[in-house]
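Visitor: quick one, what's the 3D model for this:
(one chain, ligands or ions: 1)
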Amino acid sequence: MDEHRRIAGVEEVPEESTLLATLRPVDPEAVDEGEGDLGEGEDGAPEVEAILTRAAGEVRAFRNYCQHWTDVRLDKDDGAFVRNGEVFCQTHGATFEADGGYCNFGPCEGAVLESVGVTVADGAVYLDDDGYDFVRLGPSAGKGDGGGSRIDFTGN
Ligand code: FES
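Guide: Numbering: from 1, shown residues only. Here you go, the predicted model:
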């Protein structure tokens, strides 16, 4: 596998939360301004975020924005809330099935999180999506302070 596309060890991906990674879209035009995980690298190029979880028993990855209000991040750099195989949006309580991103409850019921392709090899998770390059673990530039997210009912 291409080591430049290695995101993390499988054991680093939590079963009851998410691991945040920053990606660079190959086609910057394909990124919507309204997506809450959109940041900007030092060179001005757009960056986005992926959340990885093992809640479905194997590693899955999605873009880090809700399908209800797309400017809301699911993981605000402290791990999204994940229980019983579902990723929660803490703003209005939508739940997304971790195996495919389908919203089975909440204001965006029926919507689906945007998938990011990943694959597992030799105990590590690799980006397997032609739409992105891997940048680093952690939030996209400018997102580490929780910026760009609306306040949720927990006050975060
Ligand atoms: S913003 Fe996620 S459920 Fe409303």
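
Visitor: so how far is the helix or strand of the chain with the lowest mean pLDDT from its chain's centroid?
Guide: Within the chain, confidence by mean pLDDT, DSSP states H and E is lowest for strand 39-40 among all helices and strands, at a mean of 93. Mean-position distance between strand 39-40 and its chain equals 15 Å (Cα atoms, centre = their mean, to the nearest Å).

Visitor: ok, stretch 31-42 next?
Guide: The gap between where stretch 31-42 is centred and where its chain is centred comes out at 12 Å by Cα atoms, centre = their mean.

Visitor: ok, stretch 47-59 next?
Guide: A distance of 6 Å separates the centroid of the chain from that of stretch 47-59, by Cα atoms, centre = their mean.

Visitor: and the residue of the chain positioned farthest from its centre, how far is that from Ala141?
Guide: The centre of the chain is farthest from one residue, Asp122, which by Cα atoms, centre = their mean lies 22.7 Å away. Using Cβ to Cβ, to the nearest Å, Asp122 is found at 30 Å from Ala141. Yep, even glycine has a C-beta here, placed from its N, CA and C like the rest.

Visitor: I'd like to know how far Lys76 sits from Arg24.
Guide: Using Cβ to Cβ, we find Lys76 at a distance of 21 Å from Arg24.

Visitor: picking that back up, got a list of what the closest residue to the residue farthest from the centre of the chain other than its chain neighbours touches?
Guide: In this structure, Asp122 finds its nearest non-sequential neighbour in Met1, 7.4 Å apart by Cβ to Cβ, 6 or more residues apart in numbering. For Met1, the contacting residues are Thr119, Ala121, Asp122, Ala124, Tyr126, by Cβ atoms under 8 Å, 6 or more residues apart in numbering.

Visitor: what two of those residues have the greatest distance between them?
Guide: Maximum pairwise distance among the contacts of Met1 (Cβ to Cβ): 10.8 Å, between Thr119 and Asp122.
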